[in-house]
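Q: I'll drop the sequence and a predicted model, then ask my questions.
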Amino acid sequence: MSKTESAAWHKDIAHVVHPYSNLDAHATRGPTVITRGEGCYVYDEHGKRYLEGMSGLWCASLGFSEQRLVDAAVKQLHTLPYYHLFNHRSHPPGIALAEALTAVAPEGLNHVLFANSGSEANDAAVKLVWYYNNLLGRPEKKKIISRLYGYHGVTVASGSLTGLVHVHRDFDLPLPSVRHTDCPSHYHFGLPGESEAAFTQRITDNLEQLILKEGPETVAAFIAEPVNGSGGVIVPPAGYFERVQAILKKHDILFIVDEVITGFGRTGRMFGSETYGLKPDMMTVAKGLSGAYQPISGLLLTDAIHDALKAGSRKHGAFAHGLTYAAHPVAAAVALETLNVYRDRDIVGHVREVAPYFLEKLDALAGHPLVGQVRGVGLLAAVEIVADKAARKPFDPSAGMGAWIQNRAMAYGVIVRAIANCVALCPPLISERSHIDELVGGLARALDDALAHAR
Ligand code: PLP
């Protein structure tokens, strides 16, 4: 057995089905088995250390060894390891988390329906939008508009909202009631010579045209991430959300904001909604809610929507939606402690302090021949990889350049993620300048190697 081919490596190939992995190639490539974490670092089974520049999957915001979260989980396991919220039951961590979460959420989001993942929270948003409009007596108002390159999950409804071809192809998605509108990336979709303002006007005009074509009486909701994450870290142009929100208001369309990545300080404010002036009717959170130490998510609702759900119960009896593990007490206790850590250590303030350094360091890569654009906000960024900088032309996907850079960076001990035609970075919110130097330095070396490789 070679160093990479441990017993675990073989057993993984034999039995584990890997999400978002080439399952055919996996049989020979095998897994990188990560066995422990410490601060901003993780270690593989051979003891190699990696700076986790993606916080796992955009989620481990407090790094990998936060004792307060471990203690909160252990304490709750000893007290009440499981209970649920069905049938009027409740438990202290669920109640306390709902209070703490709605207290920090954007104004008006006073109620929360818990779930276990971002996909489930977005799925619930779709169901509740449908239920809400049925209860309001407008059963034709059901379509949901999402955006190309938006990412909202992989379940049947949330996967439909996701605007990525590979999430739909051969999975028989999207659902027929979902429409996709433009991605707000001027770099990728601006016309030759078109200013950013003109681009914003054009794509928001397109949104309104789509609504008018479908019939506003058939369009129920619009969903967006404040900053598209998995679609390539697309930072919205100035004025974009202002115009979108005016259009939604005009046509009486609900605004669902997916804060699964942008929530809890990632953009330098508690929520991306604050960074971009969004007023959600519904908001989904997950990932950073528990620092990823436990699976938990939430769908936050306004009083108006909650009132409609109450009216639904007057009509139907019990609200017939719920998940066995929603608001799992251990997950809720960990999430509550995560919110306490964010507050006690002023994590959002820390992000605001280090983010300019992070973005400045990355900006220094903009002159690299393989870098078409550097974009980001807070501790969330992407470096666009191009074969031809002037023409903004990406590499042919068959060249596998993104994966090559990602693997090279890993060889240098830093984890970044190749998505779309870019390399994404989303380091833990506790990152210090030294971590940023190491992360950007590792990526820069990988880019230099990639340039030599491409020639
Ligand atoms: N929404 C956004 C913005 C995400 O980035 C993700 C996952 O990356 C999801 C939803 C889905 O979350 P989950 O993977 O927990 O189902």
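A: Ah, there it is. Residues are numbered from 1 along each chain as shown.

Q: So which bits of the stretch 51-200 of the chain are right by the ligand?
A: By Cβ under 6 Å from any ligand atom, the part of the stretch 51-200 of the chain that sits against the ligand consists of Leu57, Trp58, Ser117, Gly118, Ser119, Asn122, Tyr151, His152, Gly153. For glycine as for every other residue, the C-beta is placed from the backbone atoms N, C-alpha and C.

Q: Which of these sits closest to the ligand?
A: Gly118 (2.3 Å; Cβ to the nearest ligand atom).

Q: what are the ranges of the helices in the stretch 351-455 of the chain?
A: Under the criterion DSSP state H, counting those that start in this stretch, the stretch 351-455 of the chain contains helices at 401-411, 433-454.

Q: Let me have the ones you listed in CSV, extended by mean pLDDT, mean neighbour count and distance to Thr338.
A: Compiled in CSV, these are given as follows (pLDDT from 0 to 100; neighbours: other Cβ atoms under 10 Å; distance: least, Cβ to Cβ, whole Å):
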stretch, mean pLDDT, mean neighbour count, distance to Thr338
helix 401-411, 97, 19, 28
helix 433-454, 97, 18, 20
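
Q: I'd like those helices written out as CSV, with distance to Gln294 added.
A: Converted to CSV, those look like this (distance: least, Cβ to Cβ, whole Å):
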stretch, distance to Gln294
helix 401-411, 27
helix 433-454, 24
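
Q: To the ligand, which of those lies closest?
A: In terms of Cβ to the nearest ligand atom, the element of these nearest to the ligand is helix 401-411, at 16.7 Å.

Q: hey, C-alpha coordinates of that closest one in CSV?
A: Provided in CSV are the C-alpha atoms of helix 401-411 (Å, rounded to 0.1, in the frame of the first residue of the first chain):
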residue,chain,number,x,y,z
MET,A,401,-7.4,24.2,-15.3
GLY,A,402,-9.5,25.1,-12.3
ALA,A,403,-9.0,21.6,-10.8
TRP,A,404,-5.3,21.7,-11.7
ILE,A,405,-4.8,25.0,-9.7
GLN,A,406,-6.9,23.7,-6.8
ASN,A,407,-4.8,20.5,-6.6
ARG,A,408,-1.6,22.5,-6.9
ALA,A,409,-2.7,24.8,-4.1
MET,A,410,-3.4,21.8,-2.0
ALA,A,411,0.1,20.5,-2.7
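
Q: Need the contact partners of that helix.
A: Applying Cβ atoms under 8 Å, 6 or more residues apart in numbering, the set of residues contacting helix 401-411 from outside is 32, 50, 53, 370, 385, 387, 395, 415-419, 421-423, 442-443, 445-447, 449-450, 453-454.

Q: Report the angle between it and helix 433-454.
A: Between helix 401-411 and helix 433-454, the angle comes out at 130 degrees (axes from the mean of the first three to the mean of the last three Cα atoms, to 10 degrees).

Q: Which residue lies nearest to Leu429 in three dimensions, sequence-adjacent residues excluded?
A: Distance criterion Cβ to Cβ, 6 or more residues apart in numbering; nearest residue to Leu429, sequence neighbours excluded, is Ser61 at 4.3 Å.

Q: Enumerate the residues of the stretch 201-350 of the chain near the ligand.
A: Glu225, Gly229, Ser230, Asp258, Val260, Ile261, Ala286.

Q: So what's the residue count around the nearest residue to the second one once chain neighbours are set aside?
A: The spatial neighbour of Gly229 that comes closest, neighbours along the chain excluded (Cβ to Cβ, 6+ apart), is Ile261 at 4.1 Å. As a burial measure, the neighbour count of Ile261 was computed by other Cβ atoms under 10 Å and equals 28.

Q: in a strand, that's where Ile261 is, yeah?
A: No. Counting by DSSP: H, G, I helix; E, B strand; the rest coil, Ile261 is not found in a strand; it is coil.

Q: ok, it touching Gly231?
A: No. Ile261 lies out of contact with Gly231 (Cβ atoms under 8 Å); the separation is 10.7 Å.

Q: Contact partners for Gly277?
A: Applying Cβ under 8 Å, 6+ apart, the residues contacting Gly277 are Phe241, Glu242.

Q: can you do 6 Å?
A: By Cβ atoms under 6 Å, 6 or more residues apart in numbering, Gly277 lies in contact with nothing.

Q: Phi first, then psi, for it.
A: phi 70, psi 40 (degrees, to the nearest 10).

Q: swap in the one 4 residues further on?
A: Dihedral angles phi and psi of Asp281 (degrees, to the nearest 10) take the values phi -90, psi -30.

Q: Isn't it up against Ile253?
A: No. Using Cβ atoms under 6 Å, Asp281 is not in contact with Ile253, being 9.1 Å away.

Q: Can you add distance to the ligand and give the helices of the stretch 351-455 of the chain back as JSON lines?
A: Output for the helices of the stretch 351-455 of the chain, formatted as JSON lines (distance: least, Cβ to the nearest ligand atom, whole Å):
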{"stretch": "helix 401-411", "distance to the ligand": "17"}
{"stretch": "helix 433-454", "distance to the ligand": "20"}
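
Q: sorry, back to before: could you single out the nearest of the residues of the stretch 201-350 of the chain next to the ligand to the ligand?
A: Distance to the ligand across these (Cβ to the nearest ligand atom) is lowest for Val260, with 3.5 Å.

Q: In contact with the closest residue to the ligand within the stretch 301-450 of the chain, which residues?
A: The nearest approach of the stretch 301-450 of the chain to the ligand comes at Cys426, 9.8 Å away (Cβ to the nearest ligand atom). Listed by Cβ under 6 Å, 6+ apart, the contact partners of Cys426 are Met54, Ser55, Trp58, Leu380.

Q: Tell me the spacing between the closest residue to it other than its chain neighbours and Gly402.
A: Among residues not flanking Cys426 along the chain, Trp58 sits closest, at 4.6 Å (Cβ to Cβ, 6+ apart). Distance of Trp58 to Gly402, computed by Cβ to Cβ, to the nearest Å: 17 Å.

Q: Same check on Ala25?
A: 15 Å.

Q: mind listing the helices in the stretch 101-250 of the chain by residue range?
A: Secondary structure of the stretch 101-250 of the chain by DSSP H, counting those that start in this stretch: the helices cover 118-135, 156-161, 165-168, 186-189, 196-214, 240-250.

Q: The last one vs helix 196-214, what angle?
A: Right, helix 240-250. Using the same axes, to 10 degrees: helix 240-250 against helix 196-214 is 20 degrees.

Q: what are the C-alpha coordinates of helix 240-250, in CSV please?
A: Written as CSV, here are the backbone C-alpha positions of helix 240-250 (Å, rounded to 0.1, in the frame of the first residue of the first chain):
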residue,chain,number,x,y,z
TYR,A,240,-29.0,46.2,-8.8
PHE,A,241,-30.9,45.1,-5.7
GLU,A,242,-32.5,48.5,-5.3
ARG,A,243,-34.1,48.1,-8.7
VAL,A,244,-35.0,44.4,-8.2
GLN,A,245,-36.8,45.2,-5.0
ALA,A,246,-38.8,48.0,-6.5
ILE,A,247,-39.9,45.7,-9.3
LEU,A,248,-40.9,43.0,-6.8
LYS,A,249,-42.8,45.4,-4.7
LYS,A,250,-44.6,46.8,-7.8
